[in-house]
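Chemist: Sequence and predicted structure, then a few things I'm wondering about:
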Amino acid sequence: MITFYRNTGGGQRWFGIDCNFEPTCSAYTLESIQKFGTRKGIALGWERIRRCGKRDCICKCIEPVPRHYKDYKGDVC
């Protein structure tokens, strides 16, 4: 589903917005799933998406996937 979303235009096409984070929320979620498995990866991705409340911020928040699941701090920006 993430690959389809990204290949068809992502946030710009589907929601008319640009992601406020780097890497994008979809890339972050995909990497989290690959790194921590489906359940934890989706949980991290969902938390990231929930924090994306500002429409089209001027500066992007740099927030890579944590090295370890337990290192996730949330709301870094």
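Modeler: Ah, there it is.
Chemist: make it CA atoms for all contacts and neighbour counts henceforth
Modeler: Will do.
Chemist: For the residue nearest the centre of the chain, give me its contacts.
Modeler: In the chain, the C-alpha nearest the mean C-alpha coordinate belongs to residue 25, at 1.9 Å (Cα atoms, centre = their mean). When the contact criterion is Cα atoms under 8 Å, 6 or more residues apart in numbering, the partners of residue 25 are 19, 45, 48-49.
Chemist: Now, those residues that are in helices?
Modeler: Among those, the ones falling in helices (DSSP state H) are 45, 48-49.
Chemist: what stretches of this structure score poorly on pLDDT?
Modeler: 53-58, 73-77 (pLDDT under 70).
Chemist: Which residue ranges of it form helices?
Modeler: Going by DSSP H, the chain shows helices at 2-7, 10-14, 25-36, 38-50.
Chemist: looking at these, which is closest to residue 62?
Modeler: Nearest of the helices of the chain to residue 62, taken as Cα to Cα: helix 25-36 at 11.0 Å.
Chemist: buried ones in that closest one?
Modeler: Across helix 25-36, burial judged by 16 or more other Cα atoms under 10 Å covers 25-33, 35.
Chemist: Nice, that's everything, thank you.
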